[in-house]
Structures are given as structure tokens and as C-alpha cells.
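Student: here are the coordinates; sequence isn't available:
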């Protein structure tokens with residue numbers, strides 16, 4: 001069987017098709033969240049859950065939208081603080097807290113009331129959870145979502 005060499009035009013078309021396929025299937029630099037509710041949790045090294053935080057983007061049943069809350073499950077002397085940044089930058093060193101829910105100084109088990117405030121639909125938010133006691137604060141990296 002005789003092999004045919006590919007013409008430069010066919011090679012060009014094949015190359016363009018490959019580039020088009022790569023460009024249309026690449027994952028964005030920061031992937032979009034799959035839901036409008038962001039959950040964060042604090043786990044101790046032994047796997048016990050110390051607390052949890054939630055950002056609820058849209059109203060659900062009796063839960064308000066654009067709302068944040070913190071829950072502390074363990075009577076260990078530490079509190080749970082959930083911090084939200086509206087329109088966060090990509091630099092962790094530039095974090096500012098725009099909204100917060102905290103169980104600092106409150107006996108557990110306890111969940112805070114919802115900390116609310118209207119956000120424009122589609123606003124990008126970062127939510128992080130911190131273990132707190134007095135002036136001590138140890139925070140996990142933020143999770144991201146949309147209002």
C-alpha cells in the first residue's frame with residue numbers, strides 16, 4: 001500500500017483543529033463554584049469536626065440569602081469565626097473581612113444567627129473559617145462562591 005504525504009494545507013487544517021479543540025476545552029484559571037452555597041468546616045487532626053460555617057447565597061426555606069453563619073460543636077474553649085470578603089483579590093495577604101459571624105466567647109454547642117446584607121446577584125465572595133480564642137486566630141484558606 002502506497003503512503004500519501006500530507007499536503008501543507010491538510011497539515012495546517014489539522015493543526016488549527018487541534019488548537020481550536022484545546023482552546024475550547026481548557027479549564028479556567030480559577031474554576032467557578034458549582035453551587036451558590038459555600039460550606040467551610042474546621043476539622044481537628046483526629047478528624048473530629050470542631051465547627052462549620054456557611055454562606056447561603058439565595059434564600060432557601062427559612063434561611064435568608066446573602067447570609068453567613070458559624071456553628072461551634074465542641075466545648076473545647078475555642079470558638080468558630082466565619083469571615084467573608086466581597087470581591088476578593090487573588091492575593092491572600094490582601095484579605096479584608098467584610099462580613100463575619102463568630103461564636104467567640106459563647107459556650108458551645110452554638111450556631112450564630114445569620115449575618116445578612118444584600119449583595120448584587122453574581123458577586124464573587126471568599127469565605128474562610130477560623131478557630132479563635134481570646135486574641136488567638138488560626139484560619140484556613142478561603143473557599144469561593146457567588147452571591
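Tutor: Structure received. Nothing here was measured: the structure is a model prediction, and the numbers come from that model.
Student: Residue 39 touches residue 54, doesn't it?
Tutor: Yes. The pair residue 39 / residue 54 is scored as a contact, 5.4 Å apart, by Cβ atoms under 8 Å. All C-beta atoms are positioned from the backbone trio N, CA, C, and that covers glycine.
Student: Tell me which of those two has more neighbours.
Tutor: residue 54 (21 against 14; other Cβ atoms under 10 Å).
Student: my read: the more buried one touches residue 64, true?
Tutor: No. Checked against Cβ under 8 Å, the pair residue 54 and residue 64 is beyond contact range at 11.5 Å.
Student: what ranges do the strands span in the protein?
Tutor: 37-43, 49-56, 67-72, 79-86, 99-102, 110-111, 115-116, 124-133, 136-139, 143-146 (DSSP state E).
Student: Would you mind giving these as a markdown table with distance to residue 93 added?
Tutor: Output for the strands of the chain, formatted as a markdown table (distance: least, Cβ to Cβ, whole Å):
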| stretch | distance to residue 93 |
| --- | --- |
| strand 37-43 | 20 |
| strand 49-56 | 22 |
| strand 67-72 | 22 |
| strand 79-86 | 12 |
| strand 99-102 | 19 |
| strand 110-111 | 31 |
| strand 115-116 | 24 |
| strand 124-133 | 13 |
| strand 136-139 | 13 |
| strand 143-146 | 17 |
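Student: Using CSV, lay out those strands together with mean pLDDT.
Tutor: CSV is the format used below for these (pLDDT from 0 to 100):
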stretch, mean pLDDT
strand 37-43, 78
strand 49-56, 91
strand 67-72, 95
strand 79-86, 94
strand 99-102, 97
strand 110-111, 96
strand 115-116, 94
strand 124-133, 92
strand 136-139, 92
strand 143-146, 88
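Student: my read: residue 68 touches residue 101, true?
Tutor: Yes. Counting by Cβ under 8 Å, residue 68 does reach residue 101; the two are 4.9 Å apart.
Student: Overlap in contacts, those two.
Tutor: 53, 82, 114, 115 (Cβ atoms under 8 Å, 6 or more residues apart in numbering).
Student: residues in contact with the first one?
Tutor: In other words, residue 53. Contacts of residue 53 (Cβ under 8 Å, 6+ apart): 39, 40, 41, 68, 69, 70, 71, 80, 82, 101, 127, 129.
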